[in-house]
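Q: quick one, what's the 3D model for this:
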Amino acid sequence: MQEFRFDDVIVSADADDLQAYLQDAHGGAERPLCLCQPEGVPMYVAKVGARFVIKRMPSTGGHHTPDCASYEPPAELSGFGEVKDRAIQEDEATGTTTLRLDFSLTKMGKRAATPSAGTEHDTVRTDGAKLTLRGLLHYLWDQAALNRWTPGMEGKRNWYVIRKYLLHAALGKKAKDMALAEQLYIPEVFAVEREAEITQRRIARLATLVSGDNKARKLMIAIGEVKEIGPSRYGFKLVAKHLPNFPFMIDEELHKKLDKRFGDELALWNGVEGAHLVFIGTFWLTRAGYATLETLSLMVTTANWIPIEHGFDVMLLDTLAAQKRKYLKGLRYNLARNKPLASAVLTDTTPPTALYLDLPVDSDEDPVAQTIEHVIEASELPSWIWSVMEAMPPLPAPIASAHTMRRPAASPALPAPSRYERPDDESGYGESAW
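A: Predicted coordinates:
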């Protein structure tokens with residue numbers, strides 16, 4: 001469990017009096033220290049709504065020990081390095097993160113032209129100065145620590161948990177001069193006995209989409225799990241799990257682009273046992289109250305909700321699971337498929353180890369862009385490489401965590417806000433992944 005030092009007092013991350021210490025430290029000259037390192041790592045306190053949250057300082061994720069909740073691998077190992085400080089700008093003074101999005105949240109007439117089939121794009125373009133839809137989904141997944149895995153999380157993740165942490169990850173974020181949380185819709189867990197009240201909350205949540213004129217319709221961002229994508233009477237529809245009576249309509253043009261651009265993701269979802277298909281999209285409401293998707297992106301995850309890109313990812317993660325390893329999954333954000341990144345970073349080795357997959361090069365792609373040597377050379381972390389056309393080499397052996405030797409917290413172990421605090425919502429059932 002993470003511990004913090006406030007002057008000469010040590011407080012556990014799950015202590016019931018943490019809020020009082022955070023409030024006192026907010027705006028003060030002395031920074032609280034994370035005690036994962038003997039000398040401590042400076043943190044800062046932000047106010048999010050009525051609560052105080054302790055956060056790592058920008059660009060200090062690597063200063064924490066790998067088993068610390070504030071640890072973050074070097075940005076250059078994933079797509080985060082391309083968008084950091086450009087599409088994602090943190091303001092330490094206010095605790096607010098401003099996101100620059102490359103997609104519109106207003107529908108003006110016809111849908112804007114999108115790239116032709118065959119060009120590598122996750123939604124619109126791969127530009128590090130702005131987040132694409134996939135980039136935003138990866139960022140929220142990263143901020144919610146849903147790409148972090150330890151064996152103790154087995155069997156503890158479900159849609160209730162995923163939704164909770166995504167909603168919390170959106171707090172303190174701003175996009176298009178508005179709070180991101182106000183522009184985000186993530187369906188709650190469905191229950192037949194609560195259908196009427198769930199529907200009422202959904203209607204209230206989407207009420208802002210009804211206002212406006214036909215020339216400029218407001219859009220919202222939806223994140224959910226795909227149940228099926230199939231034909232409707234006048235086109236196609238996406239049915240999300242936990243939204244049995246509220247499909248997202250897809251016109252024929254968008255459906256054609258979806259099938260061409262995300263054919264690999266759809267095949268992976270179909271072929272991997274227990275896989276989840278997560279969608280993110282912008283949508284608007286018709287006058288009849290039905291949702292129509294304007295843009296769309298897809299992400300496949302394992303049964304444990306860890307994002308995957310291909311079958312070799314699955315093989316690696318299955319091996320890590322069998323060996324009960326701890327790791328962070330690398331996320332691509334805006335990076336094109338022919339750009340290298342670490343598939344995962346082992347956090348149970350000292351120092352952490354970056355895991356790379358040497359994939360076959362397509363004949364129509366630039367082989368130079370496919371190589372991973374320059375990423376390895378630029379990183380201070382040791383590397384492990386699997387040439388996927390050969391047998392998988394042994395993984396580096398884990399080392400016992402130094403955190404297991406820390407003294408217990410002096411304060412009672414009751415839930416308290418932290419980076420992973422579960423935000424309040426309408427239901428109290430379900431369990432946390434941490």
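Q: grab the nearest non-local neighbour of residue 199.
A: Leaving out its chain neighbours, the residue that sits closest to residue 199 by CB to CB, 6 or more residues apart in numbering is residue 245, at 7.6 Å. For every residue, glycine as well, the C-beta is placed using N, CA and C.
Q: could you look up the SS state of that neighbour?
A: coil (DSSP: H, G, I helix; E, B strand; the rest coil).
Q: what is the neighbour count of it?
A: A count of nearby residues for residue 245, using other CB atoms under 10 Å, gives 10.
Q: how close does it sit to residue 229?
A: The gap separating residue 245 from residue 229 is 17 Å, by CB to CB, to the nearest Å.
Q: equivalent analysis for residue 400, please.
A: Residue 400 is 46 Å from residue 229, by CB to CB.
Q: counting neighbours, go ahead and name the busier of these two.
A: More crowded of residue 400 and residue 229, by other CB under 10 Å: residue 229, with 21 against 10.
Q: what strand or helix carries the closest residue in space to that one that isn't next to it in sequence?
A: In space, residue 229 comes closest to residue 238 once its chain neighbours are excluded; the distance is 5.1 Å by CB to CB, 6+ apart. Using DSSP states H and E, residue 238 sits in strand 235-240.
Q: strands paired with that strand, and their directions?
A: Strand pairing for strand 235-240, using DSSP bridges, gives strand 220-232 (antiparallel), strand 248-250 (antiparallel).
Q: going by neighbour count, list what's buried in that strand.
A: Neighbour counts over strand 235-240 (16 or more other CB atoms under 10 Å) mark 236-240 as buried.
Q: do the same with stretch 291-309
A: For stretch 291-309, the neighbour count (16+ other CB under 10 Å) marks 291-302, 304-309 as buried.
Q: do stretch 200-217 as well
A: So for stretch 200-217, counting by 16+ other CB under 10 Å, buried means 202, 205-206, 209, 217.
Q: widest-spaced pair of those residues?
A: Across the buried residues of stretch 200-217, the longest distance by CB to CB is 18.4 Å; it joins 202 and 217.
Q: thinking again about what came up before, winner for burial among the strands paired with strand 235-240?
A: strand 248-250 (a mean of 22; mean count of other CB atoms under 10 Å).
Q: residues in contact with residue 42?
A: Contacts for residue 42 (CB atoms under 8 Å, 6 or more residues apart in numbering) come out as 31-34, 57, 60.
Q: for it, helix, strand, or coil?
A: strand.
Q: give the bridge partners for it, please.
A: Residues in beta-bridge contact with residue 42 (DSSP bridges): residue 33.
Q: swap in residue 281?
A: residue 222, residue 296.
Q: between the buried residues of stretch 200-217, which is nearest residue 354?
A: Among these, and counting by CB to CB, the member closest to residue 354 is residue 205, at 40.3 Å.
Q: what's the closest non-adjacent residue to that closest one?
A: Nearest one to residue 205, counting by CB to CB, 6+ apart, is residue 185 at 6.0 Å.
Q: wait, isn't the one you found in contact with residue 206?
A: Yes. Residue 185 is within contact range of residue 206, at 6.6 Å (criterion: CB atoms under 8 Å).
Q: give me the common contacts of those two.
A: Joint contacts of residue 185 and residue 206 (CB under 8 Å, 6+ apart) are residue 220.
Q: how about the residue most central in space within the chain, phi and psi?
A: Taking CA atoms, centre = their mean as the criterion, residue 141 is the residue nearest the geometric centre of the chain, at 0.9 Å. Main-chain torsions, residue 141, degrees, to the nearest 10: phi -60, psi -40.
Q: show me what contacts the residue nearest to it when sequence neighbours are not counted?
A: Leaving aside its sequence neighbours, residue 141 sits nearest to residue 147 (CB to CB, 6+ apart; 5.7 Å). The contact partners of residue 147, taken as CB under 8 Å, 6+ apart, are 141, 306-307, 328-331.
Q: over to residue 228?
A: Applying CB under 8 Å, 6+ apart, we find residue 228 in contact with 238-239.
Q: hey, what's it bridged with?
A: residue 239.
Q: can you tell me the helix or strand for the nearest residue to residue 272 once chain neighbours are set aside?
A: Nearest non-adjacent residue to residue 272, counting by CB to CB, 6+ apart: residue 314, 5.7 Å away. Assigned by DSSP H and E, residue 314 falls within helix 311-322.
Q: after that helix, which helix or strand is next?
A: The C-terminal neighbour of helix 311-322 among helices and strands, as given by DSSP H and E, is strand 327-329.
Q: what's the mean pLDDT across stretch 223-239?
A: Stretch 223-239 carries an average pLDDT of 95.
Q: brain fart, stretch 21-32
A: Stretch 21-32 shows a mean pLDDT of 90.
Q: in that stretch, which residues are buried?
A: Under 16+ other CB under 10 Å, the buried positions of stretch 21-32 are 21-22, 25-26, 31-32.
Q: which one of those is nearest residue 75?
A: Of all the buried residues of stretch 21-32, residue 75 sits closest to residue 31, with 22.0 Å by CB to CB.
Q: next up, the contacts around the closest one.
A: 25, 42-44, 57.
Q: element containing it, please.
A: Residue 31 belongs to no helix or strand when assigned by DSSP H and E.
Q: ok, residue 251 - contacts?
A: By CB under 8 Å, 6+ apart, the contact set of residue 251 is 235-236, 292.
Q: in a markdown table: the residues you listed, plus distance to residue 376.
A: Shown next, in a markdown table, are those (distance: CB to CB, whole Å):
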| residue | distance to residue 376 |
| --- | --- |
| 235 | 47 |
| 236 | 43 |
| 292 | 45 |
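Q: how about the contacts of residue 42, which pair is most distant?
A: Across the contacts of residue 42, the longest distance by CB to CB is 13.0 Å; it joins 32 and 60.
Q: ok, back up a step: can you pull the alpha-carbon coordinates of the helix holding residue 314 into CSV?
A: Output of helix 311-322 as CSV, limited to C-alpha atoms (Å, rounded to 0.1, in the frame of the first residue of the first chain):
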residue,chain,number,x,y,z
GLY,A,311,-2.5,-12.7,-31.5
PHE,A,312,1.1,-12.3,-30.5
ASP,A,313,0.0,-9.9,-27.8
VAL,A,314,-2.4,-12.6,-26.6
MET,A,315,0.4,-15.2,-26.5
LEU,A,316,2.7,-12.9,-24.5
LEU,A,317,0.0,-11.9,-22.0
ASP,A,318,-1.1,-15.5,-21.6
THR,A,319,2.5,-16.4,-20.7
LEU,A,320,2.7,-13.5,-18.2
ALA,A,321,-0.6,-14.6,-16.6
ALA,A,322,0.6,-18.3,-16.4
